[in-house]
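Student: Provided below for reference: sequence and predicted model.
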Amino acid sequence: MTREFSARKWLVMRTSVEVRKFKATPTSLVVVSVVLGALLVGCGQDEPATAEFQLEPVATASVSEFTPPVGTDETDVTAPRNAGGELSGGTAGLYGGTQKKESCDAEALVGYLQQHGDKAAAWAGVLGIDQADIPRYVDGLTSVVLRTDTYVTNHGYEAGQATAAPAVLQAGTAVLVDQYGTPVTKCYCGNPLTKPAGYERPTYKGDPWPDFQQTRVTVVQSTVIEINIYVLANPETGVPFDRPTGTTGNRDTPSQVQSEMLPPGVSTASPAATPSETPAPTLTETPTTPPQEATPTPGETDAETPPEVEPTDGGATPTAEGPVTDIPPPPTEPVEPAVPEPTS
């Protein structure tokens, strides 16, 4: 009996202590409310990430090179006036090049990496592939030239491992892109490239080139389906041409895409069409004026003549001068309500 009483007394005393320990006061409620509110605001309104981007002019390397140059940059490429922002990697004219000429030597890249296994392992690790798959992977890449200043993450090689540095590559930089339109290698130094982070609130270091503008830097977004043919534009003339994915220029052909259909700011120069050429398909607006009624030719049967449509009360007679719709036009004169007939 005494033991049971003692147990109950101890339980009551502990419960009382716990209640007093966590007893709410007006001050504590205010503190808890302020802290909770701050947490909720912080979770619901995350600030964009920031990053400092190294400006990388053409024919330069801001971080340690993976390889000697395996490509040639173009030094006189001017970005389109309205470049900048997020663009799909499959956008016609986003990348450039010279027809029948490669800007990157893919075979030289593979050959160097195969002779330097430590660099090959780091290079493959950045791009998420097996070292043994480098030849097959590079064989599926396409040699192009950037036509806009572009955000990337540039990966160098130091002390036996890959490094990462946010960068802006100048228009004219030769790169290899994958089948989803993403730049994956900077050919001047063989460095692997990945998507940028923190470009929403960027800062910059390094000397800007004369026409550099923050608002004209592009972020390339990967496509969701594989690209079969890239529509490239000559950096000097703006004339487009087609380059099949995974080729180096030997299979380039003139493009059916017209220069004026490329992104804004691109030169509208295009080669003169010959009478034998078939014009490229373009998107046109639906004409607002319906076509005139065709004159029947001799030999047509009555079955080919559309039947006449009888007019109905309160409606209009459809004619060949306008489209037939399910909704009749409003009557031009008031319609008197029908008087119901008396029922017997």
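Tutor: Thanks, I have the structure now. Quick caveat: nothing in here was measured; it's all calculated off a predicted structure.
Student: leaving out chain neighbours, which residue sits closest to D149?
Tutor: Spatial nearest neighbour of D149, chain neighbours left out: V217 (4.7 Å); criterion: C-beta to C-beta, 6 or more residues apart in numbering. The way it works is simple: take the backbone N, C-alpha and C, and place the C-beta from them, glycine included.
Student: what does N154 give?
Tutor: Nearest non-adjacent residue to N154, counting by C-beta to C-beta, 6+ apart: A167, 4.2 Å away.
Student: sec struct for the one you found, please.
Tutor: Assigned with DSSP: H, G, I helix; E, B strand; the rest coil, A167 falls in the strand class.
Student: show the average pLDDT along stretch 136-153.
Tutor: Stretch 136-153 shows a mean pLDDT of 98.
Student: first-to-last residue distance for that stretch?
Tutor: Terminal residues of stretch 136-153 are spaced 23 Å apart (C-alpha to C-alpha, to the nearest Å).
Student: stretch 56-74 now?
Tutor: 13 Å.
Student: one step back: pretty sure the residue nearest to N154 contacts V152?
Tutor: Yes. At 5.6 Å, A167 counts as touching V152 under the criterion of C-beta atoms under 8 Å.
Student: so which of those two has more stuff around it?
Tutor: Higher neighbour count among A167 and V152: V152, with 28 against 25, using other C-beta atoms under 10 Å.
Student: so what's the more buried one up against?
Tutor: P166, A167, V168, L169, P183, K186, L193, T194, K195, P196 (C-beta atoms under 8 Å, 6 or more residues apart in numbering).
Student: give me the buried entries from those residues.
Tutor: P166, A167, V168, L169, P183, K186, L193, T194, P196 (16 or more other C-beta atoms under 10 Å).
Student: could you list the low-pLDDT ranges of the protein?
Tutor: 1-48, 263-344 (pLDDT under 70).
Student: dihedrals phi and psi, Q161?
Tutor: Main-chain dihedrals, Q161, degrees, to the nearest 10: phi -150, psi 160.
Student: any idea how far it lies from Y188?
Tutor: Distance of Q161 to Y188, computed by C-beta to C-beta, to the nearest Å: 21 Å.
Student: who does the residue nearest to P208 when sequence neighbours are not counted bridge with?
Tutor: With C-beta to C-beta, 6+ apart as the criterion, P208 has its nearest non-adjacent residue at 5.7 Å, and that residue is L55. Applying DSSP bridges to L55 yields these beta-bridge partners: V168.
Student: show me what contacts L55?
Tutor: A167, V168, Q170, Y204, K205, G206, D207, P208, W209, F212.
Student: for ChimeraX, what selects the buried ones among those?
Tutor: Selecting only the buried entries of the contacts of L55 in ChimeraX, with 16+ other C-beta under 10 Å as the criterion:
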select :167,168,170,204,206,212
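Student: which residue comes closest to R251 once chain neighbours are left out?
Tutor: Per C-beta to C-beta, 6+ apart, closest to R251 is P244, 5.2 Å.
Student: pretty sure that neighbour contacts I229?
Tutor: Yes. Under the criterion of C-beta under 8 Å, P244 makes contact with I229 at 5.4 Å.
Student: more neighbours, Q161 and Y188?
Tutor: Counting neighbours by other C-beta under 10 Å for Q161 and for Y188 shows that Y188 has the greater number, 25 against 12.
Student: can you tell me the element the residue nearest to that one when sequence neighbours are not counted falls in?
Tutor: Distances taken as C-beta to C-beta, 6+ apart place P69 nearest to Y188, at 5.2 Å, with adjacent residues excluded. Assessed by DSSP states H and E, P69 sits outside every helix and strand.
Student: the residue nearest to P208 and L113, how far apart?
Tutor: 27 Å.
Student: helices of the stretch 101-250 of the chain, start to end?
Tutor: Under the criterion DSSP state H, counting those that start in this stretch, the stretch 101-250 of the chain contains helices at 106-115, 117-127, 134-139.
Student: who are the contact partners of the residue nearest to N154?
Tutor: Contacts of A167 by C-beta under 8 Å, 6+ apart are F53, Q54, L55, E56, S62, V63, Y151, V152, T153, N154.
Student: neighbours of the fourth one, how many?
Tutor: Going back to what we said before, that points to E56. By the criterion of other C-beta under 10 Å, E56 has 25 neighbours.
Student: residues in contact with it?
Tutor: Contacts of E56 (C-beta under 8 Å, 6+ apart): S62, N154, A167, V168, L169, Q170, T173, G206.
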